[in-house]
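[1] Pasting the sequence and the predicted model now:
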Amino acid sequence: MIDEQLTYKIIGCAYRVSNTLCGGFLEKVYEKALVHELRQAGLRVAQQFPLKIYYDNKATGLVLALLFNFGTSKLQLKRVIL
């Protein structure tokens, strides 16, 4: 699956969680719901996966990241490309 298709699928799952739960829950509730949606969509998911962080150079070394904020009345997302 190419990055654009995968990104589209992940964002769709995040919107399903946001539309179903709305606001007001703890982060862990959204995390578990998103993991459930991603797995239902056929994606392999590692929850709370340990990630090396580099302080002085490129933080994680990842090329693409999706940041979701479920803590507002409307889902906020940001796509970060290295």
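    Looks like it arrived, so ask away.

[2] farthest residue from the center of the protein?
    residue 56 (24.6 Å; CA atoms, centre = their mean).

[3] hang on, that one in a helix?
    No - when classified by DSSP: H, G, I helix; E, B strand; the rest coil, residue 56 is found to be coil rather than part of a helix.

[4] Distance check, it against residue 81.
    21 Å (CB to CB, to the nearest Å). Just so you know, the C-beta spots here come from the backbone N, C-alpha and C atoms, and that holds for glycine as well.

[5] cool, and residue 31?
    23 Å.

[6] what about these two, which has more around it?
    Per other CB atoms under 10 Å, whichever of residue 31 and residue 81 has more neighbours is residue 31, with 16 against 8.

[7] Tell me who's in contact with the more buried one.
    Residue 31 makes contact with residue 47 under the criterion CB atoms under 8 Å, 6 or more residues apart in numbering.

[8] tell me the SS of it?
    Going by three-state DSSP: residue 31 is helix.

[9] and it, what pLDDT?
    Model confidence at residue 31, expressed as pLDDT, equals 95.

[10] Same check on the one 5 residues further on?
    The predicted structure scores residue 36 at 98 on the pLDDT scale.

[11] again, but for residue 82
    For residue 82, pLDDT reads 74.

[12] Run a quick check on it versus residue 58, I expect a contact.
    Yes - between residue 82 and residue 58 there is a contact at 6.7 Å, judged by CB atoms under 8 Å.
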